[in-house]
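Peer 1: Predicted model, plus sequence, below.
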Amino acid sequence: TTESSDVQQRPPVVQRPALTVPTLIQIRDILAQLEAPIISTLTERFNLATPSSLYANNGSELLAYLVPRELIAAASGRYDYGKLEYPYTLPPVSPDVTTRTNSFAPGRFHQDTFTGNKELFDFYVNHLVPLFSSQSSVFFHLDNSTTNHDATFNLDATLLELISHRSHIGKVVAESKFASNVTGFTSLIKSKDATTIRALLTNTTQETGVMAQAATAATAFSNAWTTSGAAETISFVGSLQNVTSKLFRELIDVTTDIEVQYILARLN
Ligand SMILES: O=C(O)C(=O)C[C@]1(C(=O)O)C=C[C@@H](O)C=C1
């Protein structure tokens with residue numbers, strides 16, 4: 001009928017709630033809470049033997065593995081507005097638009113379309129996976145095989161989701177910083193001065209604290225594995241430190257990229 005085709009053609013009306021962001025101090029606590037789960041998953045993943053063929057063609061098999069998982073996640077609301085979760089394989093989200101009647105007061109979340117996921121995925125596959133050099137396997141198979149591809153991709157997916165969520169919390173870090181310096185940021189946004197915006201968003205003291213916490217967590221998790229009797233090589237503790245440090249350096253950089261892009265689109 002005319003009625004049903006009319007219904008099909010009309011785009012869904014999306015009601016986006018007005019969401020206020022926490023203070024910078026609160027957000028830094030939230031970021032700190034994510035360090036242990038990330039490093040715990042990393043430790044688990046680090047201990048799986050990793051055939052490099054699994055990540056050929058820039059990780060195309062892993063990306064394909066993420067598709068059905070992200071479709072299910074989308075259906076359960078994982079990527080809904082304000083969740084600060086963005087998929088690796090699904091289409092980009094539509095941005096908020098500031099209008100005369102809705103100016104998005106400072107402190108209110110303003111959706112932009114940028115995600116750091118491509119950067120995170122490429123870093124993961126090309127710079128982190130090559131460091132996963134475990135020779136032993138935690139799996140016992142009667143056919144003498146040592147790998148479990150499904151378990152490996154499953155941990156990859158969990159880790160990728162966690163690091164993506166951590167990085168996209170940068171959007172609310174940026175909103176919180178924008179709200180506390182509207183005048184300063186507005187002129188920089190108007191002149192599209194990404195370099196000065198980045199400098200204004202950067203806090204190297206905070207970065208040092210984040211890196212130190214990550215190192216502490218890596219020590220704790222590697223100690224937990226060795227003292228509980230896992231068959232680890234002598235180099236395990238140092239290698240996990242190295243991988244953790246590389247990951248958190250990247251996370252800070254991608255989080256900052258996401259902050260910069262958020263600010264640049266703040267008045268759109
Ligand atoms: O805490 C902040 O101010 C942030 O912007 C977050 C963060 C991080 O990723 O942890 C990123 C950039 C800053 O230089 C310091 C820390």
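Peer 2: Received, thanks.
Peer 1: all contacts plus neighbour counts: C-alpha atoms, from now on.
Peer 2: Noted.
Peer 1: Is it correct that V21 is in contact with A174?
Peer 2: No: using C-alpha atoms under 8 Å, V21 is not in contact with A174, being 9.7 Å away.
Peer 1: now the helices: where do they sit in the stretch 1-150 of the chain?
Peer 2: Counting by DSSP state H, counting those that start in this stretch, the stretch 1-150 of the chain has helices at residues 2-9, 24-33, 35-46, 56-75, 117-123, 149-168.
Peer 1: Name the residue of the stretch 1-150 of the chain that lies nearest to the ligand.
Peer 2: Using C-alpha to the nearest ligand atom, the single residue of the stretch 1-150 of the chain nearest to the ligand is R28, 5.5 Å away.
Peer 1: For the stretch 1-150 of the chain, what lies in contact range of the ligand?
Peer 2: Taking C-alpha under 6 Å from any ligand atom as the contact definition, the stretch 1-150 of the chain meets the ligand at R28.
Peer 1: circling back: the more surrounded of V21 and A174?
Peer 2: A174 (25 against 20; other C-alpha atoms under 10 Å).
Peer 1: Now for that one: which residues touch it?
Peer 2: Contacts for A174 (C-alpha atoms under 8 Å, 6 or more residues apart in numbering) come out as L201, E259, V260, Y262, I263.
Peer 1: so is the second one in a helix, a strand, or just coil?
Peer 2: Reducing the assignment at E259 to three states with DSSP: H, G, I helix; E, B strand; the rest coil gives helix.
Peer 1: Quick check on the contacts of A174: which are buried?
Peer 2: Buried members of the contacts of A174, scored by 16 or more other C-alpha atoms under 10 Å, are L201, E259, V260, Y262, I263.
Peer 1: per-residue pLDDT, the nearest residue to the last one once chain neighbours are set aside?
Peer 2: Just to be clear, that refers to I263. Computed as C-alpha to C-alpha, 6 or more residues apart in numbering, the closest residue to I263 that is not its neighbour in sequence is A174, at 6.4 Å. At A174, the predicted lDDT confidence score is 98.
Peer 1: could you check the angle helix 24-33 makes with the helix or strand containing A174?
Peer 2: The secondary structure element spanning A174 is helix 170-179 (assigned by DSSP states H and E). In this structure, helix 170-179 runs at an angle of 160 degrees to helix 24-33, with axes from the mean of the first three to the mean of the last three C-alpha atoms, to 10 degrees as the basis.
Peer 1: Adding pLDDT and distance to A218, write the contacts of A174 out as a markdown table.
Peer 2: Written out in a markdown table, the entries for the contacts of A174 read as follows (pLDDT from 0 to 100; distance: C-alpha to C-alpha, whole Å):
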| residue | pLDDT | distance to A218 |
| --- | --- | --- |
| L201 | 98 | 27 |
| E259 | 98 | 26 |
| V260 | 98 | 29 |
| Y262 | 98 | 31 |
| I263 | 98 | 33 |
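Peer 1: quick one: which of those residues is nearest the ligand?
Peer 2: Nearest to the ligand among those is L201, at 5.8 Å by C-alpha to the nearest ligand atom.
Peer 1: Can you give me the distance of that closest one to D193?
Peer 2: Computed as C-alpha to C-alpha, to the nearest Å, the L201 to D193 distance reads 12 Å.
Peer 1: same check, this time on S235
Peer 2: Applying C-alpha to C-alpha, the value for S235 to D193 is 45 Å.
Peer 1: No further questions, thank you.
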